[in-house]
Every structure is written in structure tokens, then in C-alpha cells.
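Undergrad: dropping a prediction and its sequence here:
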Amino acid sequence: MEGNFIYFLGTGGSRHVMAEQLRSTGGTFFNINGVRGIIDPGPGALTQMVKAKSLLKPEELSAVILSHGHIDHCNDVNLVIDSMTRGGLRKRGTLFAPGEILNGKNQVLFNYLKPFLEKIEKFEPQKTYSLNGLSFSSSGLHQHGMETYGFSFFLGKEKLSFITDTAYFSNLVEFYENSKWLVVNLVLEENCGNAKHLDIKGVKELLIKIDPEIAVVTHFGKSILRKGPQKVASQLARETGIKKVIAAEDGLKIKLN
Ligand SMILES: [Zn+2]
């Protein structure tokens, strides 16, 4: 069986980067303990999966995970569900998402696709979920202007965490402590106003306090792309003492071992 890995279908964040497709915005694919899933299938998720089809087959997915309902995180969710289930011919998979985007006025999921799924799980803060031997937990609520969660996956005793969109606040450290691998959405170079996103200073603070073995920054806004994600990653490594800080690129595969 193929080993555990994550694969970046997209590394772009913010409306400008998405609109100009300076980076793809397809989210992150994972294969953990034989369970294949996608986190935040933004615009281009299906296209990027099809491009890497030998590795990432939509019909083999069994988990679709949404952190929140902004378009750069969920635009392709309906497409991915339709492809995963072959238009509903093969009922399959579980969708995990915040309640406010499953039903009601901010709903992003097409009603007609709901019966195609085996299960729909509504996220609650700091709850553990399991799916075919994959165990993961939601974080507490992020500060992002809408219902938003990050996640931690458990690979034996080791923890892989995704800090999705959020402003910096001190509880983040407690949600993501003891992570061996930490993937962080780094949108801004500097948060000048009160944008509900992390900037370099906030990520540096988190890396120092959480102290992962391997940190990966992704979901870059325009200011980070202008500065150069590699340069930012090197700066973070230097300033935090974490030896391995990786700037994600579209199509990057990271083995988890
Ligand atoms: Zn967002």
C-alpha cells in the first residue's frame, strides 16, 4: 500500500491570487492510513486532481473536508462530490463541514448531491471524528468572520495539523500543540488592519510556541508571493530555530514518515 502523504492541489489564497490564478487554489489532498481525502477544494481542485490522475483519483476519495465557506476553500466541493460518486451512481464518501454551510442561507452544498454521499458530518468545536481507521479532530472555532475550523490528524502517536484561515489568537497554540507536521495558511506579509488572517509575525509566534518538526506554509496572498514564499520560509526557519520550514508549491507531495 502507498505510504501516507499530503499533496498540494493549490497553494494560493486571497481573492486577488484566486482571481488571477497566480497559484492554483485547489486545496490539499491527503492519503492517511489508506483513507484518501481532500481539504478545502477551492477553484481548480478537480482540474488539479485530474492532472495528477495516476496518483489522485477522485473516485477513490472517501473524505471531503471543508474548513469554512469562503469561495477559495469550497468552490469545487459539488464538483468533487459528483466526481467521487460518479454522478451519484456509486454512493460514497463523507462530507465534513461547518453546519452553516451545509444548510441555510450560507449553504454551499447542492441539495441534490446530498443523497450521493454516504454521510454528512457537521463539525463541532474540538471533537474527534473517525473514518475507516482515520482519526482526526476539529480545532476550537477560529477567528475568521464565519464558522471556521482547523484540523489535526492522528497517525499513531504523531499529529499532522492544518491551521486554516484565522486571525492570530493565543488559543491556537493549545489547539495545535504537539504537532509533528504543521501546515499553516500564511496569507499576509503584514496584517496592517484587522484582517482575519495570519501574517508572518503571527506564524512565527505559532511556530515558536508549537515547535513542530516540520512546518509547511501555504495559501499565500499576493504580498507573500511578491516577497517570495521560499524567502519567507527561510526567514521563518532562521527566526524560529525550526530546521524544516517548507514553502508549499502547487503539485508538492510531502511524505509523512
Ligand atoms: Zn477564508
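TA: Cool, the structure landed.
Undergrad: residue closest to the middle of the protein?
TA: Centre of the chain computed as the mean C-alpha position; nearest residue by CA atoms, centre = their mean is residue 39, 4.6 Å away.
Undergrad: tell me the pLDDT of that one.
TA: In the predicted model, residue 39 carries a pLDDT score of 98.
Undergrad: got the contact list for it?
TA: By CB atoms under 8 Å, 6 or more residues apart in numbering, the contact set of residue 39 is 27-30, 65-67, 151, 162, 164. Where you see a C-beta, it was placed from the backbone N, CA and C, and this is true even at glycine.
Undergrad: try it again at 7 Å.
TA: Contact criterion CB atoms under 7 Å, 6 or more residues apart in numbering gives 27-28, 30, 65, 162 as the residues in contact with residue 39.
Undergrad: tell me which residues of stretch 10-23 come out buried.
TA: The neighbour-count criterion (16 or more other CB atoms under 10 Å) identifies 10-14, 17-18, 22-23 as the buried residues of stretch 10-23.
Undergrad: ok, back up a step: any idea what the residue nearest to the centre of the chain is bridged to?
TA: residue 28, residue 65 (DSSP bridges).
Undergrad: separation between it and the ion?
TA: According to CB to the ion, to the nearest Å, residue 39 and the ion sit 13 Å apart.
Undergrad: can you count the residues close to residue 164?
TA: Residue 164 is flanked by 28 other residues according to other CB atoms under 10 Å.
Undergrad: what residues are up against the closest residue to it other than its chain neighbours?
TA: What sits nearest to residue 164 in space, not counting adjacent residues and going by CB to CB, 6 or more residues apart in numbering, is residue 67, at 3.8 Å. Contacts of residue 67 were listed using CB under 7 Å, 6+ apart, and they are 40, 73, 148-150, 164-165.
Undergrad: out of those residues, the closest to the ion would be?
TA: Taking CB to the ion as the measure, the ion lies nearest residue 165 of the contacts of residue 67, at 3.8 Å.
Undergrad: the closest one contacts residue 198, doesn't it?
TA: No - Residue 165 is beyond contact range of residue 198, at 8.0 Å (criterion: CB atoms under 7 Å).
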